[in-house]
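Student: Fold the following, please.
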Amino acid sequence: METPINPALNEPEEQLNAPAAPEQATPDAKEMEQDATENKRLTDLSAAELVDKFALLLQEDTLPKRQQVESFKSAFYKIKNRVEADKEADPAEVEEVEVHEQRLKDFLNIYKEKHQIDLEELNRTLEQNREKKQKLIARLKELLGSTEEFGKISPIFHEIRTEWKECGPVAEQYANDLQRDYNNYVEQFYDLKQINDEFRDYDFRKNLEQKRELIAEAERLTHSTEPQQAFRALQELHRQWREIGPVAVDLREPIWAEFKQHSTTINKNHQDFFDKRKEREEANLEAKTKLCEEVEQMLAEPMTQASQWDEYTKKLLKLQNEWKQIGYAPKKENDQIYRRFRVGCDHFFEMKSEFFTRLRANSQESLQKKQELLEQAEAMKDSEDWKETTDKFIELQRRWKEIETVRGRQSREVWTKFQAACDHFFEQKKKNFQEKKAQQNDVRSEERENLKKKKAIIAQVQELTHEAEFDAVRTKLAEYDAAWREIGFVPFKMKEKIYQDYRQAVDEIYAHFNESRNNARRRNKPGDRGERRNFGGDERSQLNGRLDNLMQQLQTYDNNLSFLNVSSAKGNSLVQEIERKKEKLEADIAALKEKIAALAEKSEPEAEA
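Tutor: Numbers count the residues shown, from 1 in each chain. Model (predicted):
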């Protein structure tokens with residue numbers, strides 16, 4: 001009988017070696033995203049909730065993966081670091097975190113014990129599988145020495161192969177040697193046993209069907225959107241390929257080439273995935289480096305005001321949020337760039353804490369100074385010395401602005417009271433000014449009425465031209481002159497003109513009757529009461545006119561001073577000049593009044609004689 005061809009010896013050697021996986025230990029993008037989401041979710045828990053959740057996880061039938069345990073551990077210490085970094089944290093909260101830290105350590109020890117038990121169980125299973133495979137190899141070896149007919153040993157051979165496939169994995173250090181020994185005895189079985197063509201063809205067809213199924217699965221993996229998962233699945237396909245027996249000689253190269261082609265595509269997709277991820281990570285590193293530089297630039301800026309710290313705090317929080325949106329940097333730089341960013345942020349908040357500590361220390365002193373200014377403002381808010389008190393309030397406001405800004409409720413209360421005192425004074429001052437202004441308006445109204453009265457007297461004087469006797473005219477002139485003097489002030493701008501009009505009207509009357517005032521007096525008898533009544537009348541009239549003029553000027557100065565005192569404090573030099581002129585004017589008025597009084601005294605005795 002013809003010795004059968006050993007198919008395994010002609011199988012391309014490449015099928016026994018799966019392509020190496022680059023960075024097999026690196027988690028894929030989906031797993032990294034899931035881990036990031038899980039870490040954020042865990043960080044949102046409190047320390048107590050996180051430890052309780054971990055305890056419940058340990059009670060499940062299946063022990064959690066080590067990566068999951070590390071997520072809980074990392075999340076807990078982020079919470080702890082955050083609480084300890086908070087300068088205003090409640091000491092009770094810090095103590096509570098320390099209590100839960102001890103609970104976490106206890107549960108981690110329980111996990112280690114359970115993990116060790118699982119590991120020992122796994123090692124026992126791997127050892128049992130190794131012993132099973134060694135026994136199967138021994139049976140194959142024994143089968144090769146059997147003298148039984150092929151029909152009897154063939155089922156045993158296939159039974160051994162089935163048991164081999166169903167046997168679980170062994171320790172990695174034994175796997176290749178066992179598989180090599182097994183393949184060697186399988187090959188010897190096909191070489192040494194005389195297998196009929198029908199059996200061989202049936203076996204080849206069966207193996208071909210299994211390998212085509214693997215090729216179809218490999219082709220499907222070439223279109224996978226998860227390159228890492230596809231790559232790991234490919235390793236399993238290669239393992240199954242190696243365990244499937246040979247196919248017909250003329251099909252071995254083509255079918256392997258087809259399977260290899262799909263494997264190459266999957267490997268390329270896998271490598272492209274890592275290349276693109278590396279590009280993204282490099283871009284992420286560049287983006288994170290810029291954020292670090294922005295933080296460091298902020299630290300170099302001088303910040304001396306609380307508003308500046310508030311502004312930069314908002315900016316830093318925005319940078320931290322941007323950091324969270326950026327993905328991982330390359331593994332070898334990721335921790336380093338994170339430490340750089342974290343150090344910058346920590347330093348910023350340390351500087352901010354020191355600033356506000358100093359600010360609070362200075363606030364009490366500044367508050368005390370402002371309280372003293374408030375007391376001074378309230379003490380003089382009801383003063384009616386408008387000019388001097390205005391200057392004092394302006395000085396208080398200037399000193400207030402020089403005091404460093406103080407935050408807090410007490411500062412706002414002091415400011416509100418200080419502002420109220422200032423407002424009260426200036427409102428009273430404004431009210432006083434308005435009252436004076438109203439009085440001035442009344443005065444002006446009276447002056448306009450006086451102007452009408454004096455114009456009426458002038459008209460009456462002018463009507464005297466119709467009189468026939470000068471004696472009657474002189475009597476009326478004396479009456480008009482007395483009435484003129486009894487009328488009060490007229491508007492300042494009209495006082496000279498109205499007085500001149502009056503003098504001119506009187507002079508025209510004298511001229512009309514071809515009389516002068518002196519001649520008229522000489523014609524009167526020495527005992528004439530009318531002469532004595534008008535003795536010195538012309539001079540007194542002139543003096544009264546001048547007195548009117550000076551009184552009008554004095555009223556104008558009073559108005560100007562009232563306006564300057566109310567409107568602003570910038571007219572100090574002008575106020576002083578007006579007050580100096582006012583004093584001189586008051587002295588002139590007093591002297592003029594004395595002179596008029598002396599003339600009156602001189603006239604009255606003669607009238608009584």
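Student: Please make it C-alpha for all contacts and neighbour counts, starting now.
Tutor: Noted.
Student: which residues of the chain fall in strands?
Tutor: Here the chain has no strands by DSSP state E.
Student: pLDDT averaged over stretch 61-69, what's the number?
Tutor: Confidence for stretch 61-69, expressed as mean pLDDT, is 85.
Student: Using CSV, write down the CA coordinates of that stretch.
Tutor: Provided in CSV are the C-alpha atoms of stretch 61-69 (Å, rounded to 0.1, in the frame of the first residue of the first chain):
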residue,chain,number,x,y,z
ASP,A,61,-18.9,36.2,42.0
THR,A,62,-16.3,37.4,39.5
LEU,A,63,-13.3,39.2,40.9
PRO,A,64,-12.9,42.7,39.2
LYS,A,65,-10.0,43.3,36.8
ARG,A,66,-6.9,44.8,38.2
GLN,A,67,-7.4,47.9,36.0
GLN,A,68,-10.8,48.5,37.5
VAL,A,69,-9.4,48.2,41.0
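Student: Any chance you could list what contacts it?
Tutor: Under the criterion CA atoms under 8 Å, 6 or more residues apart in numbering, residues Leu57, Leu58, Tyr111, Lys114, His115 lie in contact with stretch 61-69.
Student: And those, which is closest to Asn362?
Tutor: If you rank these by distance to Asn362 using CA to CA, Leu57 comes first, at 52.8 Å.
Student: For the closest one, give its distance to Tyr77.
Tutor: Here Leu57 is placed at a distance of 18 Å from Tyr77 (CA to CA, to the nearest Å).
Student: what's the weakest-modelled helix or strand in the protein?
Tutor: Among the helices and strands of the chain, helix 7-10 carries the lowest confidence by mean pLDDT, DSSP states H and E, at a mean of 34.
Student: So for Lys324, what pLDDT did the model give?
Tutor: 88.
Student: what's the answer for Val97, then?
Tutor: The per-residue pLDDT reported for Val97 equals 83.
Student: surely it meets Lys80?
Tutor: Yes - when contacts are counted by CA atoms under 8 Å, Val97 is listed as touching Lys80 (6.4 Å).
Student: who touches both of these two?
Tutor: With CA under 8 Å, 6+ apart as the test, Val97 and Lys80 both reach Ala47.
Student: list the contacts for Ala420?
Tutor: Listed by CA under 8 Å, 6+ apart, Ala420 has no contact partners.
Student: sorry, back to before: of the contacts of stretch 61-69, just say which sits nearest to Arg360.
Tutor: Each of the contacts of stretch 61-69 was checked against Arg360 using CA to CA; the closest is Leu57, at 47.6 Å.
Student: how many other residues sit next to the closest one?
Tutor: Using other CA atoms under 10 Å, Leu57 has 14 neighbouring residues.
Student: residue contacts, it?
Tutor: Leu63, Pro64.
Student: Please repeat the previous calculation with a cut-off of 10 Å.
Tutor: Going by CA atoms under 10 Å, 6 or more residues apart in numbering, Leu57 touches Val51, Leu63, Pro64, Val69.
Student: And the first one, how close does it get to Arg103?
Tutor: Applying CA to CA, one obtains 7 Å for the distance of Val51 from Arg103.
Student: dump the residue contacts of Lys381.
Tutor: Counting by CA under 10 Å, 6+ apart, Lys381 touches Thr389, Thr390, Phe393, Ala420, Ala421, Cys422, Asp423, His424, Phe425, Phe426, Gln428.
Student: Pull out the buried residues from the residues you listed.
Tutor: Buried members of those, counted by 16 or more other CA atoms under 10 Å: Thr389, Thr390, Phe393, Ala420, Ala421, Cys422, His424, Phe425, Phe426, Gln428.
Student: Let me know whether the first one touches Gln428 as I believe.
Tutor: Put plainly, it is Thr389. No - with contacts counted by CA atoms under 10 Å, Thr389 stays clear of Gln428, the gap being 11.9 Å.
Student: intersection of neighbour lists for those two?
Tutor: Counting by CA under 10 Å, 6+ apart, the shared contacts of Thr389 and Gln428 are Lys381, Asp382, Ser383.
Student: Let me have those in JSON lines, extended by pLDDT and distance to Asn284.
Tutor: Below are the shared contacts of Thr389 and Gln428 laid out as JSON lines (pLDDT from 0 to 100; distance: CA to CA, whole Å):
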{"residue": "Lys381", "pLDDT": "83", "distance to Asn284": "65"}
{"residue": "Asp382", "pLDDT": "88", "distance to Asn284": "68"}
{"residue": "Ser383", "pLDDT": "86", "distance to Asn284": "70"}
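Student: circling back: tell me the one of the contacts of Lys381 nearest Ser411?
Tutor: Nearest to Ser411 out of these is Ala420 (CA to CA; 14.1 Å).
Student: separation between that closest one and Lys453?
Tutor: 49 Å.
Student: what's around Asp346, how many residues?
Tutor: For Asp346, the neighbour count with other CA under 10 Å is 12.
Student: Let me see the contact set for it.
Tutor: Asp346 makes contacts with Ala85, Lys352, as judged by CA under 10 Å, 6+ apart.
Student: Now intersect the buried ones among the contacts of Lys381 with the helices, please.
Tutor: Thr389, Thr390, Phe393, Ala420, Ala421, Cys422, His424, Phe425, Phe426, Gln428 (DSSP state H).
Student: how about JSON lines for the residues you listed, with distance to Gln553 added?
Tutor: Shown next, in JSON lines, are those (distance: CA to CA, whole Å):
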{"residue": "Thr389", "distance to Gln553": "27"}
{"residue": "Thr390", "distance to Gln553": "26"}
{"residue": "Phe393", "distance to Gln553": "31"}
{"residue": "Ala420", "distance to Gln553": "38"}
{"residue": "Ala421", "distance to Gln553": "36"}
{"residue": "Cys422", "distance to Gln553": "34"}
{"residue": "His424", "distance to Gln553": "33"}
{"residue": "Phe425", "distance to Gln553": "30"}
{"residue": "Phe426", "distance to Gln553": "28"}
{"residue": "Gln428", "distance to Gln553": "28"}
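Student: Quickly name whichever of these is closest to Phe274.
Tutor: Nearest member of these to Phe274, counting by CA to CA, is Ala420, at 70.9 Å.
Student: Return the per-residue confidence for that closest one.
Tutor: pLDDT for Ala420: 91.
Student: before we move on, what about the one 4 residues further on?
Tutor: Listed pLDDT for His424 reads 90.
Student: I figured it was touching Glu384, is that so?
Tutor: No - with contacts counted by CA under 10 Å, His424 stays clear of Glu384, the gap being 11.8 Å.
Student: Phi first, then psi, for Thr304.
Tutor: Dihedral pair for Thr304: phi -120, psi 0, per degrees, to the nearest 10.
Student: can you tell me which residues contact it?
Tutor: Thr304 neighbours (CA under 10 Å, 6+ apart): Phe355, Leu359.
Student: what's the distance between it and Arg360?
Tutor: 14 Å.
Student: can you tell me which residues contact Gln325?
Tutor: Gln325 makes contact with Asn284, Leu319 under the criterion CA under 10 Å, 6+ apart.
Student: for Leu122, same thing?
Tutor: Applying CA under 10 Å, 6+ apart, we find Leu122 in contact with Gln116, Gln128, Val170, Ala171.
Student: Among those, name the buried ones.
Tutor: Among those, those scoring as buried are Gln128, Val170 (criterion: 16+ other CA under 10 Å).
Student: Go through the contacts of Leu122 and name the one nearest Gln555.
Tutor: Gln555 lies nearest to Gln116 out of the contacts of Leu122, by CA to CA, at 109.3 Å.
Student: per-residue confidence at the closest one?
Tutor: pLDDT at Gln116 comes out at 88.
Student: ditto for Asn565
Tutor: 50.
Student: now swap in the one 3 residues further on and tell me
Tutor: The pLDDT attached to Ser568 in the predicted structure is 45.
Student: Check Leu192 too.
Tutor: 62.
Student: how near is the residue nearest to Arg205 when sequence neighbours are not counted to His262?
Tutor: Among residues not flanking Arg205 along the chain, Val247 sits closest, at 6.8 Å (CA to CA, 6 or more residues apart in numbering). Here the criterion is CA to CA. By it, Val247 lies 19 Å from His262.
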